[in-house]
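# sequence plus the predicted model coming up.
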Amino acid sequence: MLHVDLEISIHAHGPRRMRADVPRGRILALFGPSGGGKTTLLRALAGFHPARGTLSWDGRDILSEPVEARPFAWMPQAPSLFPHWTLRRQLVEARPARTADARLDALVTTLGLQELLERPGRGLSGGQQQRGELARALARDPDVLLLDEPFSALDAPTRGMVGTWLRELLRSEGRSMVMASHDWSDVESWADEVILLDEGQTVAQGDPGTLFSSPPNWPAARLMGFERQIGPRVLHPDLAEWAAPHRCPVVLIGVVSDVSPHGAGHRVTLTCDDGTTVRASVPRGTTRPMMDSRVEIGFHAPEVEVMNGPRNPPAAPGSRSQSF
């Protein structure tokens, strides 16, 4: 198990605390906006950024160990393959003596790198470099992978394939992973636990599905894509209900001011009577509202802890419907 209890100084945000336990075969995600401290936290785990506290792997204290002695492999977000070396040489040089040729061959085959082995790093596209970086990290035979935006340059089919394969590999070989991401779909798809970061501060931590269905507070909800708070309820476009809006805890009435394609369906912008706007997803197979039509939308809106500070006007006490 990877045990983390560190105080880390994050540029522009000051000292921050990171606490987590990552069992073997599990994935921890660091999620938040750019500049929120995700990369700094990863760099501190890898040993590239100073930290104080406790960092251990299976009971072995590794905080005082140099970078090269830690049982980690670090994959940065920016391309770091050597531009003049072939991909083959980079993988072979990264491999420790105990790593068998068969394992390296399996990595190359699974990640679709067979035709790229003789190309130099500068001759690879962004997605090819990212797959090469992942292969190089795994070739080091680490106990823990530290990956910064590992799927950002991959197309959708490759992202799904690589993510599923990597998760199965970690489970079968008892390795752990800490990944940074600003894409909530990646977190939901691959992570067992997530730390939500805002300006380097942990605003929530737990299972991604549980956090999304029951956000503990408005900052956490906002990071996960909820766009509006009405009293204790928070609204996410993908939690809109068109078929039976009055069964929902929040019902809004307004005029359709925009309709645009979104995924397999559409996303509608509703302008309420006071000029406030909300967005709602329309899934494929549901009749798309017409521009300038007056509609009623329900939201399956979870409750959050109401915090002090600016927020949207709350619904009237006891009311299940709010028209702006």
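Now that the structure is in, tell me what you want to look at. Numbering: from 1, shown residues only.
# all strands for the stretch 151-300 of the chain, in order.
176-181, 193-198, 201-206, 228-230, 233-235, 240-241, 250-262, 265-272, 277-282, 294-299 (DSSP state E, counting those that start in this stretch).
# who's in contact with the residue nearest to residue 159 when sequence neighbours are not counted?
Excluding its sequence neighbours, the residue lying closest to residue 159 (C-beta to C-beta, 6 or more residues apart in numbering) is residue 151, at 4.6 Å. For glycine as for every other residue, the C-beta is placed from the backbone atoms N, C-alpha and C. Listed by C-beta atoms under 8 Å, 6 or more residues apart in numbering, the contact set of residue 151 reads 130, 159, 162, 163, 181, 183, 186.
# just the buried residues out of the residues you listed, in ChimeraX syntax.
The buried subset of the contacts of residue 151, as determined by 16 or more other C-beta atoms under 10 Å, is captured in ChimeraX by this line:
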select :130,159,162,163,181,186
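# got the strands of the stretch 151-300 of the chain as TSV, with mean pLDDT and distance to residue 107 columns?
Below are the strands of the stretch 151-300 of the chain laid out as TSV (pLDDT from 0 to 100; distance: least, C-beta to C-beta, whole Å):
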stretch	mean pLDDT	distance to residue 107
strand 176-181	96	15
strand 193-198	94	26
strand 201-206	93	32
strand 228-230	91	45
strand 233-235	96	42
strand 240-241	94	43
strand 250-262	93	36
strand 265-272	93	38
strand 277-282	94	38
strand 294-299	95	45
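# export those to JSON lines and tack on distance to residue 113?
Conversion of the strands of the stretch 151-300 of the chain to JSON lines gives the following (distance: least, C-beta to C-beta, whole Å):
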{"stretch": "strand 176-181", "distance to residue 113": "20"}
{"stretch": "strand 193-198", "distance to residue 113": "30"}
{"stretch": "strand 201-206", "distance to residue 113": "35"}
{"stretch": "strand 228-230", "distance to residue 113": "45"}
{"stretch": "strand 233-235", "distance to residue 113": "43"}
{"stretch": "strand 240-241", "distance to residue 113": "42"}
{"stretch": "strand 250-262", "distance to residue 113": "34"}
{"stretch": "strand 265-272", "distance to residue 113": "36"}
{"stretch": "strand 277-282", "distance to residue 113": "37"}
{"stretch": "strand 294-299", "distance to residue 113": "45"}
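# out of those, nearest to residue 96?
Go through these one by one with C-beta to C-beta and the one that ends up closest to residue 96 is strand 176-181, at 18.3 Å.
# export that closest one as CSV, just CAs?
Provided in CSV are the C-alpha atoms of strand 176-181 (Å, rounded to 0.1, in the frame of the first residue of the first chain):
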residue,chain,number,x,y,z
SER,A,176,-0.8,1.2,-7.6
MET,A,177,-1.3,4.4,-9.6
VAL,A,178,-1.8,8.1,-8.8
MET,A,179,-3.0,10.1,-11.8
ALA,A,180,-3.7,13.8,-12.4
SER,A,181,-6.6,14.7,-14.6
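# can you tell me which helix in this protein is longest?
In the chain, with assignment by DSSP state H, the single longest helix is helix 156-173.
# centre of the chain to stretch 44-56, how far?
Relative to its parent chain, stretch 44-56 has a centroid offset of 22 Å by C-alpha atoms, centre = their mean, to the nearest Å.
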